[in-house]
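> build me a model:
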Amino acid sequence: MRYDEDARDARDVTFAYGARGKPSVRGPATLAARCGFSVSHCDGLTAVAVTTNGDACGIDVEDENRRIGTDVGKFARRWLSDDETRRLSDIVADDERARAFMRLWTAKESYVKALGLGIAGRPFREFDIAWDVAEDAAKTWSMDLRDVTDDGTVPWRFALLKPRASQSHVMSLCAPAGADGRMPRVRVRWASPFEPLVDVDAADADVLALGGSRATI
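Prediction:
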């Protein structure tokens, strides 16, 4: 396995862990300076987000059809903000409410992972993600982050994707905005064990956009 233009053996790469357990590249120094990454997994899929400019990022993936072991409303009241819980309770159809919960959960998880804090270090109840739903087949979300502790120095952006339109996984990416104020371009690379990587542009028909930050879409 090789990485970057230095073409050194990837076994030379070493890792460090933050106070909340977030991993980062420790060395070589040239790679550590420009590589941020985040990892998530659920049944049937492992996702790794990598930045090439040293920016932090967060990723979370879940099965959109997963059903939590208790009523969605009860779970939301325990973990989510009051506004988010109210928005979910306004959704009449049970399946639609459950899918909305999974989209919201992945978005919030990707944010706290980008911060390097995790849910224990940044409780979900302490910030909001507001969303509007478009009247399209994908029920595309446009989202706004509302965090009173955010000083605005990092303009966080979200991308909500279904990695494969034919499957039920939903994935959220959180990263700083690019120079144009939007989510940086996302390139998807698929890998199966013992098989070569396959590049797929995020606009490819097999990758379904489910939404993103209001400034992005």
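
> count of neighbours near residue 168?
Neighbour count of residue 168, defined by other CB atoms under 10 Å: 15. Any C-beta I mention is one placed from the backbone N, CA and C, and that applies to glycine too.

> that one against residue 63, yeah?
Yes. Applying CB atoms under 8 Å as the test, residue 168 and residue 63 come out as touching, 5.4 Å apart.

> quick one: secondary structure of the spatially closest residue to residue 64 that is not a sequence neighbour?
Using CB to CB, 6 or more residues apart in numbering and skipping residues adjacent in sequence, the residue nearest residue 64 is residue 170, 4.3 Å away. Following DSSP: H, G, I helix; E, B strand; the rest coil, we place residue 170 in the strand state.

> got the contact list for residue 170?
Residue 170 sits next to 61-64, 99, 102-103, 106, 160-162, 210 when contact means CB atoms under 8 Å, 6 or more residues apart in numbering.

> which of those residues has the weakest pLDDT?
pLDDT is lowest at residue 64 among the contacts of residue 170; the value there is 84.

> residue contacts, it?
99, 102-103, 162, 168-170.

> that one and residue 102: what is the separation?
Distance of residue 64 to residue 102, given as CB to CB, to the nearest Å: 5 Å.

> check residue 147 too.
To residue 102, residue 147 is 21 Å away according to CB to CB.

> ok, residue 65 next?
Distance, residue 65 to residue 102, by CB to CB: 8 Å.

> between those two, who's got more neighbours?
Just comparing residue 65 and residue 102: by other CB under 10 Å the higher neighbour count belongs to residue 102, 22 against 13.
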